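Colleague: what's the 3D shape of this:
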Amino acid sequence: MLKGAIYIHVSGAPYGLAIPASGVATRNLQRPEIETNVLGPQVAFVEDLDMNLSIIRKYLASPQLFHEQLWVGKSVPQEVAILYMEGTANPEHVQTIRQRIQDLEVDGLVEVNILAQYIADNEITVFPTLLQTERPDRVSSALRKGQVAILMQGSPFVLLGPTALIHFFESPDDYYFRWSIATFNRVLRVSAMIASLLFTPLYVAALTFHYEMIPADLLCHSHSPGPESHFRLCLKL
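Modeller: Here you go, the predicted model:
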């Protein structure tokens with residue numbers, strides 16, 4: 001009744017009838033604002049849990065798709081949904097996520113990313129252990145691969161887990177390209193990350209402490225904020 005349902009009870013009956021009659025204000029489906037793409041569907045999740053579940057079932061109409069409803073919080077219960085594919089998802093992963101959500105004793109969870117901080121494997125790690133997304137097609141693809149999806153009422157994002165580092169290098173457009181092009185794009189992203197992590201500090205270290213490794217002409221142009229400093233540096237070399 002707190003959610004706006006009408007309860008009908010007949011005197012002497014052991015149970016009653018609850019009829020949903022709530023009129024919750026929600027926004028219409030819109031284009032993704034964070035995970036934009038060129039190919040594929042142009043739709044993102046909203047803050048209504050029932051609508052998000054219906055969107056996922058539209059993309060993944062399978063009897064193997066299971067939906068579990070949980071509640072988090074004592075004084076202010078918040079509805080949480082777990083989705084997984086029976087026979088594809090690892091039962092241990094499903095049980096671990098289910099148990100961690102059920103064991104929570106907190107109130108005031110208004111967003112699914114706050115929930116991710118409580119159920120993470122390692123609280124001190126700097127790397128995220130759960131992947132968040134606003135795209136239904138990405139969630140349906142992850143469910144087919146055996147991952148578990150976590151949705152919360154009032155949140156337009158969905159958590160996916162368990163995740164690996166390679167999952168954070170995937171783009172929404174990768175699902176709509178040929179496998180060779182998608183693989184090349186992912187390898188290119190990983191290579192760019194490695195280059196940015198290694199080559200930049202190596203260049204700064206060589207330019208600051210081992211400048212004899214750099215050609216004189218390049219070094220003079222690199223350290224030339226003014227003509228006087230340019231002359232002193234080249235004269236020193």
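Colleague: Now do residue 105 against residue 115, distance only.
Modeller: With distances taken as C-beta to C-beta, to the nearest Å, residue 105 is found 13 Å from residue 115. Backbone N, C-alpha and C define where each C-beta goes, glycine included.
Colleague: how many neighbours does residue 85 have?
Modeller: Other residues near residue 85 number 21, with proximity taken as other C-beta atoms under 10 Å.
Colleague: That one bridge partners, please.
Modeller: residue 65 (DSSP bridges).
Colleague: Against residue 126, how distant is it?
Modeller: 31 Å.
Colleague: Show me what the spatially most central residue of the chain bridges to in the sheet.
Modeller: Nearest to the mean C-alpha position of the chain, by C-alpha atoms, centre = their mean, lies residue 132 at 1.3 Å. Residues in a beta bridge with residue 132, per DSSP bridges, are residue 159.
Colleague: For it, give me its contacts.
Modeller: With contacts defined as C-beta atoms under 8 Å, 6 or more residues apart in numbering, residue 132 is in contact with 112, 113, 116, 157, 158, 159, 160.
Colleague: Okay, domains of the chain per the record?
Modeller: As recorded under automatic domain parsing, the domains making up the chain are 25-165, 180-236.
Colleague: which residues are contacting whatever helix or strand residue 54 lives in?
Modeller: Per DSSP states H and E: residue 54 is located in helix 49-59. Helix 49-59 has contacts (C-beta under 8 Å, 6+ apart) with 26, 29, 43, 45-46, 65, 67, 79, 81, 83, 136-137, 139-140, 143, 149, 151-154, 156, 158.
Colleague: ChimeraX command to pick out the buried ones of those residues?
Modeller: One line in ChimeraX is enough to select the buried ones among the contacts of helix 49-59; burial here means 16 or more other C-beta atoms under 10 Å:
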select :43,45,46,65,79,81,83,136,137,139,140,143,149,151,152,153,156,158
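Colleague: Out of the contacts of helix 49-59, which sit inside helices?
Modeller: Assigned to helices by DSSP state H, the following of those qualify: 136, 137, 139, 140, 143.
Colleague: ok so, going back, now list the buried members of the contacts of residue 132.
Modeller: Buried among the contacts of residue 132 (16+ other C-beta under 10 Å): 112, 116, 157, 158, 159, 160.
Colleague: which intervals of this structure have sub-threshold pLDDT?
Modeller: Scanning the chain with the threshold set as pLDDT under 70 gives 23-26, 217-237.
Colleague: which residues in it form strands?
Modeller: 5-8, 17-20, 65-72, 78-85, 131-133, 148-152, 158-161 (DSSP state E).
Colleague: For residue 168, which of these is the nearest?
Modeller: Residue 168 lies closest to strand 131-133 among the strands of the chain, at 6.8 Å (C-beta to C-beta).
Colleague: Show me which residues of the longest helix along the chain are buried.
Modeller: Counting residues, the longest helix found in the chain (DSSP H) is helix 179-208. Within helix 179-208, the residues scored as buried using 16+ other C-beta under 10 Å are 182, 185, 189.
Colleague: Out of those, the closest to residue 10 would be?
Modeller: Looking across the buried residues of helix 179-208 and measuring by C-beta to C-beta, the closest to residue 10 is residue 182, at 59.0 Å.
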